[in-house]
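Q: just need the structure, nothing else, for what follows:
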Amino acid sequence: MLDFYGTLVDEDTDVITAICQQVCEHAPPQTVSPAEVARAWSSAFRELTGAAHGPAFRCQRDLARMSLAATVSRYRSTADPEVLLRAQFAYWRRPQLGGDRCAPVSLVRPCLSWRAGPVRSGA
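A: Numbering: from 1, shown residues only. Now for the predicted structure:
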């Protein structure tokens, strides 16, 4: 098991911050702050991931879509969740290596270029 985000690569915090800002910019004036949007989105995402196992399994991308759509709706924002999530999905495909990490990045760098298919259970 490898703790990937925050250990080898940077978290997607900057991308999430930008998405939350866009939700606010497309919401009715002075109804919400980016921090409130981030908390609501995180809460919705955690709730969905907590239920997404066994027969109710959903991909993380689906959960991101569902949780952001619910958050956008909650704050009456006109932002398009699909458009906003493009940046996050792009980051998930190619995260930035954490330059200040203590992990031996040189040992795992070859693994980071390896392209695996979707993880499947069973069979």
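
Q: what are the boundaries of the helices in the protein?
A: 13-25, 34-51, 60-74, 81-93, 105-112 (DSSP state H).

Q: list the neighbours of the first one that are in contact with it.
A: Under the criterion C-beta atoms under 8 Å, 6 or more residues apart in numbering, residues 32-35, 37-38, 41, 68, 71-72, 75, 77, 79, 84-85, 87-88, 91 lie in contact with helix 13-25. In this view, the C-beta of every residue, glycine as well, is placed from N, C-alpha and C.

Q: now do the longest one
A: Outside of helix 34-51, the residues that reach it under the criterion C-beta under 8 Å, 6+ apart are 16-17, 20-21, 23-24, 58, 60, 63-64, 66-68, 70-71, 74-75.

Q: filter these to the buried ones?
A: 16, 20-21, 23-24, 63-64, 66-68, 70-71, 74-75 (16 or more other C-beta atoms under 10 Å).

Q: tell me how many other residues crowd residue 40.
A: 20 (other C-beta atoms under 10 Å).

Q: rewinding a little: CSV for the helices of the chain, including mean pLDDT?
A: Output for the helices of the chain, formatted as CSV (pLDDT from 0 to 100):
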stretch, mean pLDDT
helix 13-25, 95
helix 34-51, 96
helix 60-74, 96
helix 81-93, 94
helix 105-112, 56
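
Q: ChimeraX command for the buried members of the contacts of helix 13-25?
A: Command for ChimeraX, covering only those of the contacts of helix 13-25 found buried under the criterion 16+ other C-beta under 10 Å:
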select :32,34,37,38,41,68,71,72,75,77,79,84,85,87,88,91
